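>>> sharing a model that was predicted from the sequence below.
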Amino acid sequence: TNWSNANNWSCGAVPITVTDVLIPTSAPRMPQLTVASVSKSIVLQTGTILDLNGQDFTNFGAVTGAGRFKGSATSGLTNNAAGGASTINFDQTTDGVTNALKNLTIIGAGSTVTLTSKTAIYGTLSPTAGTLTINDTLVLRSIAATTARVGQVLGAIAYSATGKVTVERYYPMSRSWRLVTSPLSNTGSIFNSWQAGAPTNYIPGKGMFVTGPAPTGSAGNGLDYSYYNNFSMKGWNANTSSYINVGNTKIRNLSDDATTPGIPANIGYYTFVRGDRTRTPDNTIFGNMNNTTLSSTGKLQTGTQTFNITSGVGTYALIGNPYASAVDFAKISKNNVNPNRFYVFDPSLGTVGIFVVMEDPGNTGNFMPISLPTSGQRNHIQSGQAFFVQVAAPGAASVIFGEADKSTDDNLSVFRPQTPAALTGSIRTTLMQLNPDNTTLMVDGVYLQADDRFNDKVDIQDALKFTNINENLGMMRYNTLLSVERRPFLTERDTIYFYLSRTTQRNYRFQFTPANIDPTLTAFLEDNFTKLVTPLNMGIVSTFDFAITADPKSAVTNRFKIVFKQLVLSTLPVTFKTVKAYQKASDIAVEWTVENEINIKNYEVEKSADGVIFAKVNSTTATGANRITTTYGWLDANPLNGNNFYRIRSIGIDGKFDYSSTVLVKMGNQSSGIRIYPNPVTSGIIGAEFKNMEAGNYKVRLLNELGQTIISKTINHAPGTSMEQIQPEYKMLAGIYQLEVTAPDKTITVVKVIVK
């Protein structure tokens, strides 16, 4: 069917009822879409240009003829010509370089699509069926707003002798280190790719400097000159767990050009990105930076890609994402590799970036930045991003990528914010630079988790510390430097040994974020330089400011540690049998029962929001002299929203005093349940927190490892949250017990109790 000028497509949609559409050769020969359009087979005669005009066009038949398409970054082209052969020509005069599409989709089973001219994709290339043949250059564009990707390749991609793919990665303005890769094979040298082929070449917004010692330049090792004469790109040796300086970019390739099918060729690098290759101002000079885009050209890696790791157990391998698409780490297959941990380098943190430990402790498929929660890294490894994994077990280790592992999550700046889920029994320590105006910059952090699930050794549960370029904060455990440490519940015998290095003469701040730390423990930060011992707030976030001075002793690596201690109390002739607090309507009731009350003048109720700093809120005169037991009570009509710690101070007539244990009530919206606190039990008294439980009588049994009943009692629980104390008639042997709690509705909860 020949379409006359009167029926030109610029007047409406492409007809869908005509078997073959023939674009005429008579003027005008530039039909233009005005809406998303569908057609069957289409013939574009010589000289014809079909302007997609930012619209989506789908053809259900072959595209033939020597005519051309005119696309844009918002146009979409879908070829659904089952069994047909299509030739796609693009107008090369639109911007003087190339034409573009947002999305190119090939879904026709048995179809063949040939791209004869240079084509740029801004969105997604989806070759889900048939065969895509590339005769010129296919460019996957990356700009500030978006980065192109290749979706699941279920069809085939072929190349002519002149066919190739260029993959771009846009980097926003920042002077920072990054873990990078090129998701291609047959890329050629670093010099010809990321350095634009010559030290003197400069295209605004393109390429980067790769610096190192002389001889530099095209006549030497290809490295760019810098005032600091430092290497700015490093490889990785998994066998020695060390970096390798890239000393010659003319002979060092972005890929190793592996020819074995299914074995990825791309290599991961640790490199410093300053911006493009401008020398006015010189981006190699500290402070100068701008945006840049790195480009590499080769062949797409498709299908299953297997990284084989030959280093031993405990070593780390640097893996580059082999695909021009984000991938979900949770979906990637891991053999003898820790499946629940990987390391990334987040360039948005600190001054030049910080290593971040990513973990999925609950094996839920959701990874969180466990060491630095402000990092925006998630499950998704971006196109052009590399990461570290750890060999966890003997045998052949590998990381296997599949097409189904690809993700549509395109993190535009490579990293995005995410708030991790809370973990029980933890202390997060963050190191920040403290500026004169009291603003801060986070430069590193560590994470300690305490739970009876963990052991006291350094093993696969712990994460080793990767060294940053600038400040480093780690935790030393059994002569091993850790970024994430997991150990049993903290007791008065525990110490956290910090390792602080690469600091400068300036002010710093520690921020301590605790969660569910035993309120009966007191934590002290000891400063070996100033000899100060500072109590730390283990109930809420607290800070500690310090300075690195000209004195070398202020910068020693073992300057700080946290020591845990139990309160040392004087002994009075009175015994606290029980102390409990519970929510009563909108108030909190505090009750305590004492025995052997002799020469006691009065009791004071002390209250705290953090479990460290207490203040007197009530005084009650002692009245139980010569009684076996006496119960006292006080109602707090002004509870805090959140944590309410209480303890009782008994004062004798001679002025001596003693303290009860501390109990906690949390007000506000809280989850419900029963928890042993602290666990392990070291005092011989089991503290059971009834958190937001219904009121009523709860039957409690403590069973030993043989299933024998050690304690059997009934607890009358008021509505809300309270801390109940369970004390056996005799000293319990060390071991593991089960606390069985039967609620008024007959539901049974069993909680593990560890006695040391």
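Perfect, I can see it now. Numbering: from 1, shown residues only.

>>> switch to C-alpha atoms for all contacts and neighbour counts from now on
Will do.

>>> show me which positions of stretch 189-200 end up buried.
By 16 or more other CA atoms under 10 Å, the buried positions in stretch 189-200 come out as Ser189, Ile190, Phe191, Asn192, Ser193, Trp194, Gln195, Ala196, Gly197, Ala198, Pro199.

>>> this protein: helices as residue ranges?
Ranges of helices within the chain are 190-193, based on DSSP state H.

>>> OK, contacts around the most centrally placed residue in it?
Centroid-nearest residue in the chain, with CA atoms, centre = their mean: Pro369, separated by 3.0 Å. By CA atoms under 8 Å, 6 or more residues apart in numbering, the residues touching Pro369 are Val356, Val357, Met358, Glu359, Ser375, Gly376, Gln377, Arg378, Pro420.

>>> okay, it: pLDDT?
The model reports Pro369 with a pLDDT of 92.

>>> same check, this time on the one 4 residues further on
Confidence per residue is given as pLDDT, and for Pro373 that number is 85.

>>> ok, it to Leu733 distance?
40 Å (CA to CA, to the nearest Å).

>>> and those two? Which one has more around it.
Pro373 (21 against 11; other CA atoms under 10 Å).

>>> pass me the low-pLDDT residue ranges in the stretch 201-350 of the chain, would you?
For the stretch 201-350 of the chain, applying pLDDT under 70 flags the ranges 201, 214-219, 258.

>>> can you count the residues close to Thr105?
By other CA under 10 Å, 18 other residues sit near Thr105.

>>> do the same with Asn516
16.

>>> correct me, but Ser75 touches Gln55?
Yes - using CA atoms under 8 Å, Ser75 is in contact with Gln55, at 5.0 Å.

>>> ok, the two, which is more surrounded?
Each of Ser75 and Gln55 has its neighbours counted (other CA under 10 Å); Ser75 has more, 23 against 20.

>>> any idea how far the more buried one lies from Thr87?
For Ser75 relative to Thr87 (CA to CA), the value is 18 Å.

>>> do Asn472 as well
56 Å.

>>> for those two, indicate the residue with more neighbours.
Taking neighbours as other CA under 10 Å, Asn472 and Thr87 compare with Asn472 leading, 23 against 19.

>>> what are the boundaries of the strands in the stretch 651-756 of the chain?
657-659, 663-666, 673-676, 686-693, 696-703, 709-717, 720-726, 735-742, 748-755 (DSSP state E, counting those that start in this stretch).

>>> next, format the ones you listed as TSV and append distance to Tyr159 and mean pLDDT.
Below are these laid out as TSV (distance: least, CA to CA, whole Å; pLDDT from 0 to 100):
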stretch	distance to Tyr159	mean pLDDT
strand 657-659	80	82
strand 663-666	65	82
strand 673-676	62	82
strand 686-693	65	82
strand 696-703	71	88
strand 709-717	75	84
strand 720-726	68	78
strand 735-742	65	86
strand 748-755	62	82
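
>>> for these, give me TSV that also has distance to Pro204 and mean neighbour count.
Output for those, formatted as TSV (distance: least, CA to CA, whole Å; neighbours: other CA atoms under 10 Å):
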stretch	distance to Pro204	mean neighbour count
strand 657-659	71	19
strand 663-666	58	25
strand 673-676	61	17
strand 686-693	61	22
strand 696-703	73	18
strand 709-717	72	14
strand 720-726	63	24
strand 735-742	67	18
strand 748-755	64	17
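
>>> mind putting the ones you listed into JSON lines with distance to Ala62?
Below are those laid out as JSON lines (distance: least, CA to CA, whole Å):
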{"stretch": "strand 657-659", "distance to Ala62": "87"}
{"stretch": "strand 663-666", "distance to Ala62": "69"}
{"stretch": "strand 673-676", "distance to Ala62": "65"}
{"stretch": "strand 686-693", "distance to Ala62": "67"}
{"stretch": "strand 696-703", "distance to Ala62": "76"}
{"stretch": "strand 709-717", "distance to Ala62": "77"}
{"stretch": "strand 720-726", "distance to Ala62": "71"}
{"stretch": "strand 735-742", "distance to Ala62": "72"}
{"stretch": "strand 748-755", "distance to Ala62": "67"}
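
>>> closest to Ser407 out of those?
strand 673-676 (37.2 Å; CA to CA).

>>> can you list the strands that that closest one pairs with?
Sheet pairing of strand 673-676 (DSSP bridges) gives strand 686-693 (antiparallel).

>>> list every C-alpha atom in the strand it pairs with, with coordinates, as CSV.
The C-alpha coordinates for strand 686-693 follow below in CSV (Å, rounded to 0.1, in the frame of the first residue of the first chain):
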residue,chain,number,x,y,z
ILE,A,686,16.9,-14.3,85.9
GLY,A,687,15.5,-11.1,84.6
ALA,A,688,12.5,-11.7,82.3
GLU,A,689,11.1,-8.7,80.5
PHE,A,690,7.4,-8.9,79.7
LYS,A,691,7.2,-6.4,76.9
ASN,A,692,3.7,-5.0,76.1
MET,A,693,2.0,-8.2,77.3
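
>>> tell me the pLDDT at the nearest residue to Asn507 once chain neighbours are set aside?
Distance criterion CA to CA, 6 or more residues apart in numbering; nearest residue to Asn507, sequence neighbours excluded, is Ala547 at 4.3 Å. Ala547 is assigned 96 on the pLDDT scale.
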